[in-house]
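Visitor: the amino acid sequence is not available; the structure is as follows:
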């Protein structure tokens, strides 16, 4: 049983920390981006060092007070919000933002967990390297949260998830001890992989305070294009064609549906659209290749000609400048914001085996139509790695609040279908607190038992992010 972070606890903790470390839990820390869920907390701790984090966790462990780690607050499954139970202490990493070291010859960057993702990318650029993790919230998301949720983003096809971009961690475990695991080694077979246990654990097994990250060479030539495609199967065939022609140079391959473009035109008309008439389906392709005679732009032109001849696509736009590249990417990156402005009934971050996606999407449409034929579906996402954002919206002219009674059923129908297709109901956003029951329903019982055993061994009092991932 956890205790409230009461006045006596906070007063004693304040005496062990520098002035100003503890403060009130303002609304900034108690709301999630879509405004649907709200949390509670007794106070917010904003440490500056790993030693201060350890002091906080030690005190919380002794008093059996829950600790909710907080990064950039951009998570969409309420992993950063505790709405029920004894008021916890929020532990924000926002003051731990240092770039500790850069090793260009090793392609390694060591950063603190509070560093904003965009700043990590910029630090890599300064030494002519690339940190390829890229997602819509990179201007506010922090690297500790990216690792805690094993964030994905648009470049997973080529570079992998956050887990694949991390060599070592520094972290504070639930007993308050510091794990000094900032290894820069590519090979280190010295027992259990604690790093990969903490990555994706969403702060339930410890608090990540710093990371050694992998960097990559900056591609000599980059190019971006949007091609219309006949249907989803044609998009998959185009992906295969692109990889055959360009190999690992395909960095991103994003599927976009007409509904997403329509929402964008309605809510964000300032975003320039690539086509005057909205296509049913299109794909955004990003290439990063070693210098070649024709470069990435020439390879995109060759790909378009081959796809046109094969009947896979019939129109396209290839960026002719960096400004045009940014305009094309703005289409994809602003679709989530347009979705937010419309207001979804239920949003789903799912992954499906790529070969089954052409069957899954219409099956999902049919399942939603059976609930209410006027509901609108915007299906888009990272086709290259099978991650779809399959979001359901109100009928035109109606609000999401009018469908509150139907929201759980919409989610159940989609997640049941995902399970039937051997997919995952959580692709890149994590479990948080919103999907705990879904994990019980669809998760493998043996895996769940092992997860609970690990949680009980490392955090027997359950103080670390209580209620997240496992109930």
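Guide: Looks like it came in fine. Predicted, not measured: the structure shown is a model, and the values here were computed from it.

Visitor: just the helices in the protein please.
Guide: Here the chain has its helices, by DSSP state H, at 7-14, 50-63, 117-126, 143-148, 156-159, 194-198, 232-246, 258-267, 295-309, 322-342, 357-371, 407-420, 436-442, 445-458.

Visitor: for residue 358, see how far away residue 376 is.
Guide: Going from residue 376 to residue 358 by CB to CB, to the nearest Å gives 20 Å. All C-beta spots, glycine's among them, are computed from the backbone N, C-alpha and C.

Visitor: brain fart, residue 424
Guide: In terms of CB to CB, residue 424 sits 18 Å off from residue 358.

Visitor: just residue 288 next, same as before
Guide: Note on residue 288: its distance to residue 358, by CB to CB, is 27 Å.

Visitor: these two: who's more crowded?
Guide: Counted by other CB atoms under 10 Å, residue 288 and residue 358 do not tie: residue 288 has more neighbours, with 25 against 16.

Visitor: how about residue 119: what's its closest non-neighbour residue?
Guide: Distances taken as CB to CB, 6 or more residues apart in numbering put residue 97 closest to residue 119, at 7.3 Å, once the chain neighbours are dropped.

Visitor: what sits against that neighbour?
Guide: Taking CB atoms under 8 Å, 6 or more residues apart in numbering, we find residue 97 in contact with 112, 114-116, 119.

Visitor: run the last query once more with 10 Å
Guide: Going by CB atoms under 10 Å, 6 or more residues apart in numbering, residue 97 touches 48, 111-116, 119-120, 142-143.

Visitor: next: residue 360.
Guide: 232, 350, 352-353, 379, 386, 388, 390, 414, 417-418, 420-421, 423.

Visitor: now residue 94
Guide: 28-29, 44, 46-48, 70-73, 113-114, 116, 142.

Visitor: what's the answer for residue 142, then?
Guide: Residue 142 neighbours (CB under 10 Å, 6+ apart): 70-74, 92-94, 96-97, 111-117, 119-120, 148, 208.

Visitor: and what of residue 34?
Guide: 76, 339-340, 343-344, 347, 400.

Visitor: pLDDT-wise, what's the bottom of those residues?
Guide: In terms of pLDDT, residue 76 ranks lowest among the contacts of residue 34, with 84.

Visitor: so that residue makes contact with residue 336?
Guide: Yes: using CB atoms under 10 Å, residue 76 makes contact with residue 336 at a distance of 9.4 Å.

Visitor: what's the overlap in contacts for these two?
Guide: What both residue 76 and residue 336 touch, as defined by CB under 10 Å, 6+ apart, is the set 33, 137, 347.

Visitor: now the residues you listed as a markdown table including distance to residue 435 and neighbour count?
Guide: Converted to a markdown table, those look like this (distance: CB to CB, whole Å; neighbours: other CB atoms under 10 Å):
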| residue | distance to residue 435 | neighbour count |
| --- | --- | --- |
| 33 | 16 | 16 |
| 137 | 19 | 22 |
| 347 | 12 | 22 |
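
Visitor: what's the closest of these to residue 10?
Guide: For the shared contacts of residue 76 and residue 336, the minimum distance to residue 10 (CB to CB) is 28.0 Å, reached by residue 33.

Visitor: dihedrals phi and psi, the closest residue to the closest one other than its chain neighbours?
Guide: Setting aside the residues directly before and after it, residue 33 is nearest to residue 74 in space (CB to CB, 6+ apart), at 6.0 Å. For residue 74, the backbone dihedrals (degrees, to the nearest 10) come out as phi -90, psi 0.

Visitor: residue 74: neighbour count?
Guide: Residue 74: 22 surrounding residues under other CB under 10 Å.

Visitor: who touches the closest residue to residue 20 other than its chain neighbours in this structure?
Guide: In space, and not counting its chain neighbours, residue 20 is closest to residue 46: 7.9 Å by CB to CB, 6+ apart. Neighbour list for residue 46: 17, 20-23, 52, 70, 90-96, 114 [criterion: CB under 10 Å, 6+ apart].

Visitor: give me the distance between the most centrally placed residue in the chain and residue 73.
Guide: The chain has residue 151 as the residue nearest its centroid, 3.7 Å off, counting by CA atoms, centre = their mean. In this view, residue 151 and residue 73 are 14 Å apart by CB to CB.

Visitor: which residues are in contact with both of those two?
Guide: Taking CB under 10 Å, 6+ apart as the criterion, residue 151 and residue 73 both touch 137, 141, 145.

Visitor: and the residue nearest to residue 376 when sequence neighbours are not counted, how many neighbours?
Guide: Sequence neighbours aside, residue 393 is the residue nearest to residue 376 in space, at 4.4 Å (criterion: CB to CB, 6+ apart). Neighbourhood size, residue 393 [other CB under 10 Å]: 21.

Visitor: I figured residue 393 hits residue 348, correct?
Guide: No: Residue 393 sits out of contact with residue 348 when judged by CB under 10 Å, with a separation of 12.0 Å.

Visitor: tell me, what's touching these two both at once?
Guide: Applying CB under 10 Å, 6+ apart, one finds that residue 393 and residue 348 are jointly contacted by residue 377.

Visitor: surely residue 27 and residue 38 touch.
Guide: Yes: between residue 27 and residue 38 there is a contact under CB under 10 Å: 8.5 Å.

Visitor: specify which residue of the two has the higher count of neighbours.
Guide: Shown here are residue 27 and residue 38; by other CB under 10 Å, residue 38 has more neighbours (12 against 8).

Visitor: identify the residues contacting that one.
Guide: Residues near residue 38 by CB under 10 Å, 6+ apart: 27, 30-32, 78, 81, 83.

Visitor: farthest-separated two in those?
Guide: Longest span within these, CB to CB: 27 and 78, 15.3 Å.

Visitor: of the helices of the chain, which approaches residue 171 most closely?
Guide: Among the helices of the chain, helix 194-198 comes nearest to residue 171, with 5.6 Å by CB to CB.

Visitor: give the buried residues for the closest one.
Guide: Across helix 194-198, burial judged by 16 or more other CB atoms under 10 Å covers 194-195, 198.

Visitor: what does stretch 252-264 give?
Guide: For stretch 252-264, using 16+ other CB under 10 Å, the buried residues are 252-257, 259-264.

Visitor: same check on stretch 339-349?
Guide: Residues of stretch 339-349 classed as buried: 339, 342-349 (neighbour count, 16+ other CB under 10 Å).

Visitor: now swap in stretch 440-458 and tell me
Guide: Going by 16+ other CB under 10 Å, stretch 440-458 has these buried residues: 442-443, 451, 455, 458.

Visitor: how about stretch 86-96?
Guide: 86-94, 96.

Visitor: among the residues you listed, name the ones in strands.
Guide: Among these, the members found in strands (DSSP state E) are 89-92.

Visitor: can you get me a residue count around the spatially closest residue to residue 3 that is not a sequence neighbour?
Guide: Nearest non-adjacent residue to residue 3, counting by CB to CB, 6+ apart: residue 64, 5.0 Å away. Counted with other CB under 10 Å, residues neighbouring residue 64 total 14.

Visitor: residues contacting residue 158?
Guide: Applying CB under 10 Å, 6+ apart, we find residue 158 in contact with 132, 216, 219, 248-253, 286-288, 384-385.

Visitor: returning to what we had before: nearest to residue 300 among the contacts of residue 46?
Guide: The closest of the contacts of residue 46 to residue 300 turns out to be residue 114 (CB to CB; 37.8 Å).
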